[in-house]
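Asker: below are the sequence and a predicted model for it; my questions follow.
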Amino acid sequence: MSPKKITLISIISVIVLLLIITSAWFIGTRNKLVTLEENINAAWSEIDNQLQRRNDLIPNLVATVKGYAKHEREVFTQIAEARAKLAGAKTVAEKAQGYNELQSALSRLLVVVERYPELKADQNFIRLQDELAGTENRIAVARKRYNDSVRIFNTKIRRFPTSIIANMIGLTKKEYFQIEEGARKAPKVSFD
């Protein structure tokens, strides 16, 4: 073989090798981004499941309280409206807002409960309240997982050179599931 052919074969080999490496990097990075996005979708689905579970528990809790507190219509109306808003929410921001409104309405319901000592002793109420508390804990865990997934994804798509691929395939930052500042404080309810 002549030196020209060897040089040409070497150049072609280097170009092919670079193309293979670049293609492998592109495919690997794209697949990683897709996996991260699917992690966000799965985490969001868990939040949605727990919000639905809570939404399903609330009518039973309200019905139990209604039996004791017939004249507390305003609180029941606020809970119904907040549940409807949460059920109809489509985006993360709408779900977060609906969640916050429902939290506020439930806090008012717990204040109403304080006025009825016999209700606090009702076994159905106690069971429902325990289930609701467990669901709230599950929501908090699911929200943390979701926000962690969003943080990882948003960081990844903003870092160079991954940002190039993210832009090419149309990936954009995801929203965090945030609670309102006022909702960070637990309502003061005493069951003494």
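Answerer: Sure thing, it's come through.
Asker: rest of the way, CA atoms for contacts and neighbours
Answerer: Will do.
Asker: so in the protein, which helix runs the longest?
Answerer: Criterion DSSP state H: the longest helix present in the chain is helix 3-68.
Asker: elements contacting it?
Answerer: helix 73-88, helix 123-158, helix 162-168 (3 or more Cα pairs under 8 Å, 6 or more residues apart in numbering; DSSP states H and E).
Asker: what angle do that helix and helix 123-158 make?
Answerer: 160 degrees (axes from the mean of the first three to the mean of the last three Cα atoms, to 10 degrees).
Asker: show me how far helix 3-68 is from its chain's centre.
Answerer: Relative to its chain's centre, helix 3-68 lies at 16 Å (Cα atoms, centre = their mean, to the nearest Å).
Asker: before we move on, the earlier item: okay, the helices and strands packed on helix 3-68 in TSV with mean neighbour count, distance to residue 176 and mean pLDDT next?
Answerer: TSV is the format used below for these (neighbours: other Cα atoms under 10 Å; distance: least, Cα to Cα, whole Å; pLDDT from 0 to 100):
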stretch	mean neighbour count	distance to residue 176	mean pLDDT
helix 73-88	18	17	84
helix 123-158	17	6	89
helix 162-168	16	19	93
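Asker: dump those to a markdown table, plus distance to residue 12.
Answerer: Formatted as a markdown table, these follow (distance: least, Cα to Cα, whole Å):
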| stretch | distance to residue 12 |
| --- | --- |
| helix 73-88 | 59 |
| helix 123-158 | 33 |
| helix 162-168 | 26 |
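Asker: nearest to residue 9, of those helices?
Answerer: Closest of those to residue 9 is helix 162-168, at 30.9 Å (criterion: Cα to Cα).
Asker: show me what the closest one is packed up against.
Answerer: helix 3-68, helix 123-158.
Asker: thinking again about what came up before, can you say which of the helices and strands packed on helix 3-68 is nearest to residue 35?
Answerer: helix 123-158 (9.4 Å).
Asker: which residues are in contact with residue 95?
Answerer: For residue 95, the contact set (Cα atoms under 8 Å, 6 or more residues apart in numbering) comprises 86, 89.
Asker: lovely, talk soon.
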